[in-house]
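K.L.:
Quick check, what structure comes out for this input:
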Amino acid sequence: MIIRAALAYFGIVFACAFMAGTVRVLLVAPAVGALAAVVIEMPLILVISWLMAAWVIARFHVAARMGARLAMGGWAFAILMLAEAGLALVAFGTPWPVYVAELATAPGVLGLAGQIAFALVPALRLAILRR
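P.N.:
As a prediction, this is how the structure comes out:
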């Protein structure tokens with residue numbers, strides 16, 4: 001059940017983030033810079049994460065226990081990181097060392113922080129809302 005919930009959570013948010021990321025890279029970043037573009041995009045994706053986590057939790061009956069919520073977010077994060085690395089390599093031809101180096105830039109660090117926040121959203125919903 002947790003794995004299915006994590007896959008659904010990842011899939012929905014990843015699809016939305018992929019679309020937003022395309023707009024960020026092609027339109028927003030050239031106008032305002034890479035870091036500002038991530039600053040603009042991240043709140044949108046985190047709101048989507050918050051809303052979609054609620055739907056997934058209800059749909060898959062994820063227990064209102066911190067361990068279950070952390071497992072859902074942790075698995076979703078692991079799948080996200082694998083998907084991102086795979087997409088960078090296969091679709092964009094980015095070598096692994098370059099991909100890792102990009103994570104050390106300011107936009108990369110901020111993006112990674114957003115991805116960690118995405119992973120914590122199911123647990124945060126429980127901690128804040130008790131559901």
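K.L.:
In terms of helices and strands, where is the spatially closest residue to residue 83 that is not a sequence neighbour?
P.N.:
Nearest residue to residue 83, sequence neighbours excluded (Cβ to Cβ, 6 or more residues apart in numbering): residue 14, at 6.3 Å. The way it works is simple: take the backbone N, C-alpha and C, and place the C-beta from them, glycine included. Assigned by DSSP states H and E, residue 14 falls within helix 2-23.
K.L.:
for that helix, packing partners?
P.N.:
When contacts are defined as 3 or more Cβ pairs under 8 Å, 6 or more residues apart in numbering; DSSP states H and E, helix 2-23 packs onto helix 34-59, helix 66-90.
K.L.:
Tell me the buried residues in it?
P.N.:
2, 5-14, 16-17, 20-21 (16 or more other Cβ atoms under 10 Å).
K.L.:
And the contacts of that helix?
P.N.:
The list of residues contacting helix 2-23 from outside it, by Cβ atoms under 8 Å, 6 or more residues apart in numbering, reads 41, 44-45, 48-49, 52-53, 55-57, 59-60, 62, 68, 71-76, 79-80, 83, 118, 122.
K.L.:
next one: stretch 77-97
P.N.:
By Cβ under 8 Å, 6+ apart, stretch 77-97 touches 6-7, 10, 14, 99, 102, 115-116, 118-119.
K.L.:
Quick check: buried residues in the helix or strand bottoming out on mean pLDDT in the chain?
P.N.:
When the helices and strands of the chain are scored by mean pLDDT, DSSP states H and E, helix 96-103 comes last with a mean of 94. Of the residues in helix 96-103, residue 99 count as buried by neighbour count, 16+ other Cβ under 10 Å.
K.L.:
Packing partners of the helix or strand following that helix?
P.N.:
For helix 96-103, the following helix or strand on the C-terminal side (DSSP H and E) is helix 106-129. Applying 3+ Cβ pairs under 8 Å, 6+ apart, we find helix 106-129 packed against helix 34-59, helix 66-90, helix 96-103.
K.L.:
Output those in a markdown table; the columns should cover distance to residue 126.
P.N.:
Formatted as a markdown table, the helices and strands packed on helix 106-129 follow (distance: least, Cβ to Cβ, whole Å):
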| stretch | distance to residue 126 |
| --- | --- |
| helix 34-59 | 9 |
| helix 66-90 | 5 |
| helix 96-103 | 29 |
